[in-house]
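Peer 1: based on what follows, work out the 3D shape:
(chains A and B)
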Amino acid sequence: MKTENQRAWFFVLPVLFLVAFNALVPIMTVVNYSVQETFGNNLFFWQGLDWFEQTLRSDRFQAALGRQFLFTFLILIIEIPLGIIIALSMPRQGFWVPVCLVTMALPMLIPWNVVGAMWNIFTLPEIGLLGYLMNNTLGIPYDMTQNPFAAWVTIITMDVWHWTSLVVLLSYAGLVSIPDAYYQAAKIDGASPWAVFRYIQLPKMKTVLTIAILLRFMDSFNIYTEPFVLTGGGPGNSTTLLSIDLVKVALGQFDLGPAAAMSLIYFAITLLVSWLFYTLMTKDDAK
Amino acid sequence: MAKITLSNLRHSYLPAPSGPADYALKEIDLDWQNGGAYALLGPSGCGKSTLLNIISGLLTPSEGRILFDDRDVTDLAPNKRNIAQVFQFPVIYDTMTVRDNLAFPLRNRGVEPAQIAKRVAEIAELLDVEEMLDTRASHLSPDNKQKISMGRGLVRDDVNVVMFDEPLTVIDPNLKWKLRSKLKELHQRVGATMIYVTHDQTEALTFADQVVVMQDGEIVQVGTPVELFERPQHTFVGHFIGSPGMNVLPAQEVDGQVLFEGQAIALEGSVTGAGGMTQIGIRPEFVSLADTGLKAQVRKVSDVGRHSVVEAVVGDTPVKAVVQGETPGAGETVHLAFRQDQTRLYRDGWIATLNEGAGA
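Peer 2: Now for the predicted structure:
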């Protein structure tokens, strides 16, 4: 005899508990702050959607959001093609495979604040190797602490250095999973190297590339530690990305309400873009 | 379409082969006639795929030449040889439609769009895939994918030879039969030389006019399915083809007589050569139960449907017999008779009797 009851739900409880305490409760706290004004002492005043409206209308937020999109766009447009090119030129077998893989993985193993500190020292005009070389040996004026353009070049280069490997490793995994028969068939069909890339390698890499782009989008859109350590958002506000601005509002000015509203908008944008991208990329497969 | 000649072909995957054991292919000399349907049959690792890749140009042989219609193509790249190859796992271009897949080899060669459209339509009709021309190739079932990869080979009208490398491996058993008859039909309609590599004797024997049996990088016999069955040139062919395989029994030559377990056995004809290891070969189909003859004890009887296979032990040697109708029970003592014109002597594996019985 089979007994029917609802006891199976007990098995779900631990997960529910875990999710509640590491996601739902913190988010609800933020939601709570975002619709109220507080002056401490656990005193709250209802504000409705005022903070959201204020944040969306503020020039400062719009500028930071613009910088954030620009940053993410630039690193994606560099890292994805560069990662594919490196993966394509890596050996498929033999002694050099592990050497390449480990070399590629190294930058990703370095803690984020160390990366920021490394690049900071590396690029300082007087004592950094790169900074000194550029200014004193090559004679190219380069000071990321003073010049916004130099600061941007530096944070982009740093991110490319730190994270292109992720795209390389994922693309490489996609490439080595292609059976030899595909290349042999392409040879017999007289396909050009470009056709091999376009019709065999790229389609076979599609899944891993989707993951790579998603990961790089989310990570770069939420980036904080590296630019904070490297430029601190400066010079001026030129590299103040959304997360850096958020921390300034929340912890610098202690405007908890606007900061909470800003966090939720930030979160919604990340979620929306990721969802749109993923849905578009996987739409064809479902047909 | 072309005649293919392989001359003194040898191949080793090692950079400096020292002995025969280092060669994946040992000395292959073979002529494939224009328009023939051939099968390359042998167990895994016997070198049949190596041979195929050499013909298609994916591999360059260590030694020897390949001629297409007496033209040396040994150093030509695969796309210059006008060959087509169908692989074990269907190779299709996922992102393209079936139509684009079929047109791909022609587009790569810069053929006129009108001509491409015409050829694609012809091939689609030939393969019965007309109604799926505009579907994405990745949505097809494995057997249709395999058809499309065949079609990509056939779409070029100047194809010299179409090669199949175990093409039915991933196909459902009930569709295998359909696709196999499609292949046979294609061969008759297209008339191209076709080479079919397989380790499955049924596939080889049903597809090919001529079967090339390989073992350890060597060709052991080339013949029609009937020849392979009736007169194996080597005990390996006897083993490999037929179900159950040929009985290969230890034999001694004493004073011009051939003895098996101490009894003289009548052979199909006179014996050639001398020395070496001698064995008697006879197919279970030609061993019968009789009133007199070799005394044997039945060990096992298996009913395989249309007939039964009786395994009986003579001395220490098991002998299989195919028996129609009533069968003895296990443990019973029976007498075995060998049909003389089908009883042969093998010396070191190779046939060592002359076929004199045929005329008599």
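Peer 1: up against chain A, what does chain B have?
Peer 2: By Cβ under 8 Å from any Cβ of the partner chain, the residues of chain B that approach chain A are B:53, B:56, B:58, B:77-79, B:83-85, B:87-89, B:91, B:93-96, B:104-105, B:108-109, B:136, B:139, B:149, B:152-153. The C-beta positions use only the backbone N, C-alpha and C, and glycine is treated the same way.
Peer 1: can you pick out the ones from the residues you listed that are in strands?
Peer 2: Judged by DSSP state E, the subset of those located in strands is B:83-85.
Peer 1: select only the buried ones of these in PyMOL?
Peer 2: A single PyMOL command selects the buried members of those (16 or more other Cβ atoms under 10 Å in any protein chain shown):
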select buried, chain B and resi 83+84+85
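Peer 1: now the residues of chain B next to chain A: which count as buried?
Peer 2: In the residues of chain B next to chain A, burial by neighbour count holds for B:53, B:56, B:58, B:78-79, B:83-85, B:87-89, B:91, B:93-96, B:104-105, B:136, B:149, B:152-153, counting by 16+ other Cβ under 10 Å.
Peer 1: please name the nearest non-neighbouring residue to A:Y172.
Peer 2: Counting by Cβ to Cβ, 6 or more residues apart in numbering or on different chains, the nearest residue to A:Y172 once its immediate chain neighbours are dropped is A:A87, at 4.3 Å.
Peer 1: count the residues that sit near A:A63.
Peer 2: One way to gauge burial is a neighbour count; for A:A63, by other Cβ atoms under 10 Å in any protein chain shown, it gives 15.
Peer 1: the residues of chain B next to chain A in helices, which ones?
Peer 2: With DSSP state H as the criterion, helices contain B:53, B:56, B:104-105, B:108, B:149, B:152-153 from among the residues of chain B next to chain A.
Peer 1: check pLDDT for those residues and point me to the minimum.
Peer 2: When these are sorted by pLDDT, the bottom entry is B:G153 at 82.
Peer 1: tell me how far that residue lies from B:M163.
Peer 2: B:G153 sits at a distance of 8 Å from B:M163 (criterion: Cβ to Cβ, to the nearest Å).
Peer 1: repeat for A:V19
Peer 2: From A:V19 across to B:M163, the span is 57 Å (Cβ to Cβ).
Peer 1: again, but for B:G262
Peer 2: Applying Cβ to Cβ, one obtains 50 Å for the distance of B:G262 from B:M163.
Peer 1: ok, A:S243 next?
Peer 2: Separation of A:S243 from B:M163 (Cβ to Cβ): 59 Å.
Peer 1: equivalent analysis for B:S243, please.
Peer 2: Applying Cβ to Cβ, the value for B:S243 to B:M163 is 27 Å.
Peer 1: how about the residues of the stretch 101-250 of chain A by chain B?
Peer 2: Taking Cβ under 8 Å from any Cβ as the test, the list of the stretch 101-250 of chain A residues beside chain B reads A:179, A:181-182, A:184-185, A:187-192, A:195, A:199-200, A:203-204.
Peer 1: when you check these against the helices, which ones overlap?
Peer 2: Judged by DSSP H, helices contain the following of those: A:181-182, A:184-185, A:187-188, A:195, A:203-204.
Peer 1: domain ranges for chain B, per the record?
Peer 2: Domain ranges of chain B: B:4-230, B:245-351, per automatic domain parsing.
Peer 1: dump stretch B:233-243 to CSV, restricted to CA.
Peer 2: Output in CSV follows, covering the C-alpha atoms of stretch B:233-243 (Å, rounded to 0.1, in the frame of the first residue of the first chain):
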residue,chain,number,x,y,z
GLN,B,233,41.9,-18.5,-48.0
HIS,B,234,42.9,-18.1,-44.4
THR,B,235,41.6,-19.6,-41.1
PHE,B,236,41.0,-16.0,-40.0
VAL,B,237,38.4,-15.5,-42.8
GLY,B,238,36.8,-18.8,-41.8
HIS,B,239,36.5,-17.6,-38.2
PHE,B,240,35.4,-14.1,-38.9
ILE,B,241,32.8,-14.8,-41.5
GLY,B,242,29.9,-17.1,-40.8
SER,B,243,28.0,-17.7,-37.7
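Peer 1: what residues sit buried inside that stretch?
Peer 2: Residues of stretch B:233-243 classed as buried: B:233-242 (neighbour count, 16+ other Cβ under 10 Å).
Peer 1: still on that earlier bit, A:V19 and B:M163: who's more crowded?
Peer 2: The neighbour comparison of A:V19 against B:M163 (other Cβ under 10 Å) goes to B:M163, with 24 against 11.
Peer 1: assumed that one was part of a strand.
Peer 2: Yes - with DSSP: H, G, I helix; E, B strand; the rest coil as the criterion, B:M163 is located in a strand.
Peer 1: ok, it touching B:A84?
Peer 2: Yes - under the criterion of Cβ atoms under 8 Å, B:M163 makes contact with B:A84 at 6.9 Å.
Peer 1: do a quick rundown of the helices in the stretch 1-150 of chain A.
Peer 2: Under the criterion DSSP state H, counting those that start in this stretch, the stretch 1-150 of chain A carries helices at the ranges A:9-19, A:25-34, A:50-57, A:59-89, A:96-109, A:112-123, A:129-132, A:148-176.
Peer 1: out of those helices, which gets nearest to A:T279?
Peer 2: When these are compared for distance to A:T279 using Cβ to Cβ, the nearest one is helix A:59-89, at 17.9 Å.
Peer 1: per-residue confidence for the nearest residue to B:P90 once chain neighbours are set aside?
Peer 2: The shortest distance from B:P90 to any non-neighbouring residue, by Cβ to Cβ, 6+ apart, is to B:K145 (3.6 Å). The confidence metric pLDDT takes the value 87 at B:K145.
Peer 1: low-scoring pLDDT stretches of the chain, where are they?
Peer 2: Just so you know, I chose chain A. A:1, A:284-287 (pLDDT under 70).
Peer 1: actually, chain B is the one I wanted.
Peer 2: Within chain B, the stretches with pLDDT under 70 are B:1, B:356-360.
Peer 1: hmm, try it at 50
Peer 2: For chain B, residues meeting the criterion pLDDT under 50 lie at B:358-360.
Peer 1: helices of that one, start to end?
Peer 2: Counting by DSSP H, one finds helices in chain B at the ranges B:48-56, B:98-108, B:113-127, B:142-154, B:173-190, B:201-207, B:225-230, B:235-240.
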